[in-house]
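Visitor: model this:
(3 chains)
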Amino acid sequence: MLLQQHVYKIIQQVPKGKVTTYGDIGKKTGTKAYRAIGQVLHHNPSWPEIPCHRVVMKDGSLAPNYGMGGPSVQKKRLKDESVTFIGNKVDIVKHKVDL
DNA sequence: GCTTTGACTCTCG
DNA sequence: TCGAGAGCCAAAG
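Guide: Have a look, this model is predicted:
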């Protein structure tokens, strides 16, 4: 399966109110090209299909160059899904989904 | 068609 | 503990 499709599938498996990391996706897909995952998400089709706001860095930080108005929107969306924040980072310890 | 760069992570010094 | 280098995939120039 293409890495792209695999990544999409993993993200779709993330339940509401939970988040995942690039590293986890990479491990799940069995690839070490974490950058490719970000690249794929950058060119993602649309929101409902690919909730890239549920994908954060390993330490819980949001993407610095996040589109659609920057990380603020992503943060807002996550908050709307009952995701707690620690300063400007996601509470990855509590919300990191264990696939 | 090849080269460069990018929403990353891990390992070594 | 912090900084630098390597590895991998995909899209754009």
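
Visitor: so residue A:35 is in which element?
Guide: Element membership for residue A:35, per DSSP states H and E: helix A:34-42.

Visitor: which stretches of chain A form helices?
Guide: In chain A, the segments counted as helices under DSSP state H are A:3-12, A:22-29, A:34-42, A:71-80, A:92-95.

Visitor: picking that back up, buried ones in the helix holding residue A:35?
Guide: Across helix A:34-42, burial judged by 16 or more other CB atoms under 10 Å covers A:34, A:36, A:37, A:38, A:40, A:41. Heads up, the C-betas are built off the backbone N, CA and C, glycines and all.

Visitor: could you do stretch A:80-88 as well?
Guide: Going by 16+ other CB under 10 Å, stretch A:80-88 has these buried residues: residue A:83.

Visitor: now that stretch: mean pLDDT?
Guide: When pLDDT is averaged along stretch A:80-88, the result is 94.

Visitor: now for the closest residue to residue A:97 other than its chain neighbours, how many residues are close by?
Guide: In space, and not counting its chain neighbours, residue A:97 is closest to residue A:18: 4.0 Å by CB to CB, 6 or more residues apart in numbering. A count of nearby residues for residue A:18, using other CB atoms under 10 Å, gives 18.
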